[in-house]
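K.L.:
Need a 3D model of the sequence below.
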Amino acid sequence: KNCGINVPQSQLIDSPSQEITIKAPLVLKAQTLSGKRAESGGIVKVTQGVISSEVKDLLHKIINGEKVEKILVEEAVSIDKEYYLSFSYSTQTRGPVLTFGEGGTGAEEKGAKTYPVDPIEGFSGKGLPSELVEEGKKLWQLFTKYDCELAEINPLVVDKSGKVWALDSKVILDDDADFRREIKFAE
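P.N.:
Numbering: from 1, shown residues only. This next block holds a predicted model:
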């Protein structure tokens, strides 16, 4: 969000009694470090009504071996198209690469394409549909500015009005580059 990438309105909660300010339809997302949360019941869509029972059920649930202690409550986005987008480093090319393909659970297995990115010239938009180029440039800026090993959005979606949203992300920082960062991150 701080890098200009659109994200839905959200609220972090850690108790079923906590007041939720976001109205349905919304999505409850278990805050765990594991992937494939949707397959494990860690992402719950709520279309209407009181959500306290869903929150209570999700809090303290075990998702992929990890106890859920916090939930991100997020406004629902009406999805038209869903993508996977990431920047990382390739040991084959010994440089940064863009990976792009179909989004959602198991995106890595759905035939995503990988393109080398010139570290001097930066990301030009090659490999992305025109509607995603600006978000790709913002993710590239995040990737380089914060010395990331990985900056991933999955899913990156286009809603029914054409607006692009990041609905989930993963960032891995290069611990050895900490001395160069403007912002220090808590451990």
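
K.L.:
helix or strand right after the longest helix along the chain?
P.N.:
The single longest helix within the chain, with elements called by DSSP state H, is helix 133-145. Heading C-terminal from helix 133-145, the first helix or strand you meet, by DSSP states H and E, is strand 148-159.

K.L.:
counting contacts, what elements does that next one pack onto?
P.N.:
Under the contact definition 3 or more CB pairs under 8 Å, 6 or more residues apart in numbering; DSSP states H and E, strand 148-159 sits against strand 79-90, helix 133-145, strand 164-166, strand 169-173. Backbone N, C-alpha and C define where each C-beta goes, glycine included.

K.L.:
For the longest helix of the chain, list every residue counted as buried.
P.N.:
Neighbour counts using 16 or more other CB atoms under 10 Å place Val133, Glu135, Gly136, Lys137, Lys138, Leu139, Trp140, Gln141, Leu142, Phe143, Thr144 of helix 133-145 among the buried residues.

K.L.:
if we can go back for a sec, dump the helices and strands packed on strand 148-159 to TSV, plus distance to Ala24.
P.N.:
Conversion of these to TSV gives the following (distance: least, CB to CB, whole Å):
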stretch	distance to Ala24
strand 79-90	16
helix 133-145	27
strand 164-166	18
strand 169-173	23
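
K.L.:
closest one to Gly103 among the ones you listed?
P.N.:
The stretch from the helices and strands packed on strand 148-159 with the least distance to Gly103 (CB to CB) is strand 79-90; that distance is 4.0 Å.

K.L.:
what packs against the closest one?
P.N.:
The criterion is 3+ CB pairs under 8 Å, 6+ apart, and the helices and strands that strand 79-90 contacts are strand 95-102, helix 133-145, strand 148-159.

K.L.:
nearest to Ile22, of the ones you listed?
P.N.:
With CB to CB as the yardstick, what comes closest out of the helices and strands packed on strand 79-90 is strand 148-159 (16.7 Å).

K.L.:
quick one: which of the helices and strands packed on strand 148-159 is nearest Ala112?
P.N.:
When these are compared by CB to CB, strand 79-90 sits nearest Ala112, at 5.6 Å.

K.L.:
Measure how the closest one sits relative to helix 133-145, angle-wise.
P.N.:
30 degrees (axes from the mean of the first three to the mean of the last three CA atoms, to 10 degrees).

K.L.:
what's in contact with strand 79-90?
P.N.:
Residues external to strand 79-90 that are found in contact with it (CB atoms under 8 Å, 6 or more residues apart in numbering): 95-104, 107-108, 110, 112, 114, 116-117, 123, 128, 132, 135-136, 139-140, 143, 148-160, 162.
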